[in-house]
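**Q** give me a 3D structure for the following:
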Amino acid sequence: MEEKFQRLVELLLEKSIPSFVFLGTVKEIAENKQYCTITREDKPTLFKVRLNAIIGELENNITSIPKIGSRVLCSLIENNATEAFVLACECPEELNIKFGESTLIINQDNILINGGKLGGIIIVDKLVKQLGVLSKRVDGIINAIKNGKPASGSMDGGTMYQTTMLAELEKITETENFSDIVNEKIKH
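**A** Below is the predicted model:
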């Protein structure tokens, strides 16, 4: 008897007190990543659920774009069933951050800072390695110039001097390669 009474009270309260926070699953992301469609178990699908509580162009905001099929917690705005927004998501697919003119977009493939206008971020350890190679080459050229010896008493106009310098320069076999020092996944 007590269980039946408790269930009756729960049913009455469920109908008279609306749910402010509810669980759903993302069905699709729409309209320039500002809205999504949420399905709920044994309840109607919610369309045009905001990804941010406030819509429009905001100077500062953080938007978490949930992965399709992931679970989300949603809330109603002023208890209106047609005005809902995502509070939190189980599995974000992308994170967009904007503070004034500064932007940051993070997803599985990239980190994009301020639209990536300045290109990729330098991979410091590769740059240091290639600068070391370049330094060895410059040092080798300096040594070739310092150690090149003209033939004594030769009147060849420096041909022998050039030959000994070329022999020293031939010892420099490694050349620098700057082609892979930029990380294209992080752009600023």
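**Q** C-alpha only now, for contacts and for neighbours.
**A** Noted.
**Q** in the chain, what spans have low per-residue confidence?
**A** Within the chain, the segments meeting pLDDT under 70 span 1, 9-19, 148-158, 188.
**Q** how close does the residue nearest the centre of the chain get to I141?
**A** Note on the chain: the residue nearest the mean C-alpha position is I111, at 1.8 Å, using CA atoms, centre = their mean. In this structure, I111 and I141 are 41 Å apart, going by CA to CA, to the nearest Å.
**Q** returning to what we had before: surely the residue nearest to the centre of the chain and I121 touch.
**A** No. Counting by CA atoms under 8 Å, I111 sits too far from I121 to count as a contact (10.1 Å).
**Q** what residues are bridge-paired with the residue nearest to the centre of the chain?
**A** I106, I186 (DSSP bridges).
**Q** list the contacts for it?
**A** 104-105, 185-187 (CA atoms under 8 Å, 6 or more residues apart in numbering).
**Q** mind running it again at 7 Å?
**A** 105, 185-187 (CA atoms under 7 Å, 6 or more residues apart in numbering).
**Q** out of those, which are buried?
**A** The neighbour count (16 or more other CA atoms under 10 Å) marks 105, 186-187 as buried among the contacts of I111.
**Q** what is the nearest of these to K67?
**A** I105 (14.9 Å; CA to CA).
**Q** what sits closest to the closest one if chain neighbours are left out?
**A** Excluding the flanking residues, the one nearest I105 by CA to CA, 6 or more residues apart in numbering is N96, at 4.6 Å.
**Q** grab the longest helix from this structure for me.
**A** helix 124-147 (DSSP state H).
**Q** so for that one, what gets flagged as buried?
**A** 126-127, 130, 133-134, 136-137, 140-141, 144-145.
**Q** buried residues of the helix or strand just after it, list them for me.
**A** Next in sequence after helix 124-147, counting helices and strands by DSSP states H and E, comes helix 159-170. For helix 159-170, a neighbour-count test (16+ other CA under 10 Å) marks 160-162, 164-165, 168-169 as buried.
**Q** how distant is helix 159-170 from the center of its chain?
**A** 51 Å (CA atoms, centre = their mean, to the nearest Å).
**Q** report the inter-axis angle for that helix versus helix 124-147.
**A** 160 degrees (axes from the mean of the first three to the mean of the last three CA atoms, to 10 degrees).
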